[in-house]
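>>> I'll drop the sequence and a predicted model, then ask my questions.
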Amino acid sequence: MKVVIAGGVAVGAGTAARLRRLNEKAEIILLEKGEYVSFANCGLPYYIAGEIKDREELLLNTPESLRARFHIDVRVKNELVEVDRQNKTVKILNHDNGETYVENYDKLVLAQGAAPIRPPIPGIDFSNVYQLRSVPDVDAIQERISSGQVKKAVVIGAGFIGIEMVEAFLARGLEVALIEKAPQIMPPSDPEMTIPIVKALEKAGVELILNDGIQSLKGDSVAERVVLESGKEITGDVFLLGLGVRPDSSIAKQTKLELGIAGSLKVNEHLQTSDPDIYAAGDLADSTFKSTGEDTWIPLAGPANKQARAIANHIMGRPGKFSGVLGTSIVRFQKEVLAQTGLTEKTAKRSNIPYKVSYTISKHHAGYYPGAKDMIIKLLFAPDDGKVLGAQITGTEGIDKRIDVIATAIYSELTVADLMELDLAYAPPFGAAKDPIIMAAMTAQNILDSLLNVVQTEHFDMFAPGVQIVDVRDPHETAKGIIEGAKLIPLPGFRDHISELDPKRPVVLYCRSGFRSYVATRILRLNGFEAVYNWAGGYTLWELWKDWYAKEASKTLV
């Protein structure tokens, strides 16, 4: 058995290592057109920030270590340039001497990944305009910053790399501007869930420009400013492109393999392409989105590592497959964290998938234990059976473990009823007796059981004629603010003031987070009121999101 693998990093190096663990005698050739065959590309921003001190920590495996440990024929600076499927041969370019040579294969694995998007705009090739995808990229940025000539960085694109690099540049003492063509940061997320990071960016002094794309970069010997589509110009000393990536599918097109989403290669559950002897994975291949069953392209490191194992298993005749992705991801800016898995509202609406949504605000550990921090959980679930479809969580502590629990629930096709029965670890420093996950599930189940009618900030016009808005917080809480037009009726003694409300008019109730107002809605419903709504997330979410919704969201009571 002879296996040729084109491309290193997660898929290539992972496949090669797994193959050797399964077969001591297979001939395994690993080609990498660059100098580094296995490195932590997700760690690059943290090296620039100084959180990872030693550059060598980024190099997970070297050609020498792979040869010594796994007896793999590793060839760096060797690039696959042509595939002859009929004769099962590949042409390889040796970048050291410029010569090409041919190798035959029994199985071929394509793992060339994706290439950063570099739009054809004037000035993009200036020497101080960077991307961040490889070790040479990070070395070049480090050298520029260390020169002492850089005072301001301009980051173009507010996705994962963009947000992480803003943090890194700030940590290096630079002024930072962040530019995003979309009307929000982190475009795959639902917009309201990104607002805590937006506020953190603004608090950190970042010049944030949304809804404005780049037109050109201008300067003399180096880029000195970026010109936006609006005509606005932003000056800087270093410019970082974080516009996303595209599958590097040039070989796939030359080989005439079937393409899938966004130019990626279409593969089956074993990661085989339309040629069963050629596999593809990672940023080069599409996947099944488990929440919808549709094909998708989500370039993330977690799935890539699992795909490498699945490819090696299948090549060696072992059972197993890669069942798909949920897009489970997490990003941090300073203390603020945003994570998501499965469906967002954007995806659900685009795919015409019926759903219901709940928002809950819970402490990340027991509220009475010092240091408890709020987290906001947005949970999407099926309106018929309550099947968990997706979630987004924002906050500062404990976000990662909660998003992983929900991702596990989606993989296992659990319902919100199942979710609230989970037996999760509890001790005051780590969680609560009713974990945030349990609280989110209970709220969702109340919605399904018609015990709770919710109205979201984005759907509620606070000035809608005839709507009675009731604040059930304690008087001392309202000192920091109250929604205009709201009537204050604290929950203690609430029943004594029911007569002050008109049962024929809609009533919307809120508290700090939504729990006390839920209790008040039940009191009204059990006393004959019909049009009773709980304001999802209460005053906390209103205060957090009101400015954004005033600009961006529709104002319709539903």
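Here it is on my side, so go on.
>>> so how far is residue 534 from the residue of the chain most remote from its centre?
Distance from the centre of the chain peaks at residue 499, with 48.1 Å (Cα atoms, centre = their mean). For residue 499, the distance to residue 534 equals 21 Å [Cβ to Cβ, to the nearest Å]. C-beta: built from backbone N, CA, C; applies to glycine.
>>> also residue 252?
Distance, residue 252 to residue 534, using Cβ to Cβ: 51 Å.
>>> quick one, helices of the stretch 351-500 of the chain?
Listed in chain order, the helices found in the stretch 351-500 of the chain under DSSP state H, counting those that start in this stretch are 399-411, 416-419, 436-448.
>>> I'd like those helices laid out as JSON lines, including mean pLDDT, mean neighbour count and distance to residue 217.
Below are the helices of the stretch 351-500 of the chain laid out as JSON lines (pLDDT from 0 to 100; neighbours: other Cβ atoms under 10 Å; distance: least, Cβ to Cβ, whole Å):
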{"stretch": "helix 399-411", "mean pLDDT": "97", "mean neighbour count": "20", "distance to residue 217": "36"}
{"stretch": "helix 416-419", "mean pLDDT": "97", "mean neighbour count": "22", "distance to residue 217": "48"}
{"stretch": "helix 436-448", "mean pLDDT": "96", "mean neighbour count": "23", "distance to residue 217": "44"}
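>>> want to throw these into TSV with distance to residue 359?
Converted to TSV, these look like this (distance: least, Cβ to Cβ, whole Å):
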stretch	distance to residue 359
helix 399-411	14
helix 416-419	14
helix 436-448	8
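>>> show me what the host helix or strand of residue 165 is packed against.
Secondary structure from DSSP states H and E places residue 165 in helix 160-171. Judged by 3 or more Cβ pairs under 8 Å, 6 or more residues apart in numbering; DSSP states H and E, helix 160-171 is in contact with helix 44-49, strand 152-156, strand 175-180, strand 238-241, strand 329-333.
>>> the second one pairs with which strands?
Strands adjacent to strand 152-156 in the sheet, as given by DSSP bridges, are strand 175-180 (parallel), strand 238-241 (parallel).
>>> of all the residues in it, which ones are buried?
Across strand 152-156, burial judged by 16 or more other Cβ atoms under 10 Å covers 152, 153, 154, 155, 156.
>>> between the residues you listed, which is closest to residue 297?
residue 156 (21.9 Å; Cβ to Cβ).
>>> buried set for stretch 527-537?
Buried-residue list, stretch 527-537, by 16+ other Cβ under 10 Å: 529, 531, 532, 533, 534, 535, 536, 537.
>>> which residues does it contact?
Applying Cβ atoms under 8 Å, 6 or more residues apart in numbering, the external contacts of stretch 527-537 come out as 358-361, 376, 452-457, 460, 495, 498, 501, 503, 505-510, 513-514, 517-518, 521, 524-525, 542.
>>> now do the strands in the stretch 251-400 of the chain.
For the stretch 251-400 of the chain, applying DSSP state E, counting those that start in this stretch gives strands covering 278-280, 287-289, 294-296, 329-333, 336-342, 356-363, 374-381, 388-395.
>>> one more: the stretch 401-550 of the chain?
Using DSSP E, counting those that start in this stretch, strands in the stretch 401-550 of the chain cover 454-455, 468-471, 487-488, 507-510, 532-535.
>>> can I get those strands in JSON lines including distance to residue 272 and mean pLDDT?
Putting those into JSON lines (distance: least, Cβ to Cβ, whole Å; pLDDT from 0 to 100) gives the following:
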{"stretch": "strand 454-455", "distance to residue 272": "45", "mean pLDDT": "87"}
{"stretch": "strand 468-471", "distance to residue 272": "58", "mean pLDDT": "95"}
{"stretch": "strand 487-488", "distance to residue 272": "64", "mean pLDDT": "95"}
{"stretch": "strand 507-510", "distance to residue 272": "54", "mean pLDDT": "95"}
{"stretch": "strand 532-535", "distance to residue 272": "50", "mean pLDDT": "93"}
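>>> so which of the ones you listed is the most packed in?
Mean neighbour count (mean count of other Cβ atoms under 10 Å) peaks for strand 507-510 among those, with a mean of 26.
>>> the spatially most central residue of the chain bridge partners, please.
Nearest to the mean C-alpha position of the chain, counting by Cα atoms, centre = their mean, stands residue 329 at 3.9 Å. Under DSSP bridges, the beta-bridge partners of residue 329 are residue 340.
>>> and it, what is it in contact with?
160, 300, 339, 340, 341.
>>> the fourth one contacts residue 391, correct?
Yes: under the criterion of Cβ atoms under 8 Å, residue 340 makes contact with residue 391 at 6.8 Å.
>>> how about the strands of the stretch 401-550 of the chain in TSV, adding distance to residue 209?
Output for the strands of the stretch 401-550 of the chain, formatted as TSV (distance: least, Cβ to Cβ, whole Å):
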stretch	distance to residue 209
strand 454-455	32
strand 468-471	35
strand 487-488	40
strand 507-510	33
strand 532-535	32
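>>> among the ones you listed, which is nearest residue 183?
Across those, closest to residue 183 is strand 454-455 (Cβ to Cβ), at 23.5 Å.
>>> out of the contacts of residue 329, which one sits closest to residue 397?
Closest approach between the contacts of residue 329 and residue 397, by Cβ to Cβ: residue 339, at 12.1 Å.
>>> okay, now that closest one: neighbour count?
26 (other Cβ atoms under 10 Å).
>>> from the buried residues of stretch 527-537, pick the one nearest residue 122.
residue 537 (45.3 Å).
>>> how near is that closest one to residue 398?
To residue 398, residue 537 is 18 Å away according to Cβ to Cβ.
>>> now do the same contact list for residue 448.
356, 381, 383, 386, 416.
>>> now do the contacts for the second one.
Contacts of residue 381 were listed using Cβ under 8 Å, 6+ apart, and they are 355, 356, 357, 358, 387, 388, 389, 415, 416, 444, 448.
>>> sorry, back to before: and the helices of the stretch 351-500 of the chain: which comes nearest residue 245?
Nearest of the helices of the stretch 351-500 of the chain to residue 245, taken as Cβ to Cβ: helix 399-411 at 22.7 Å.
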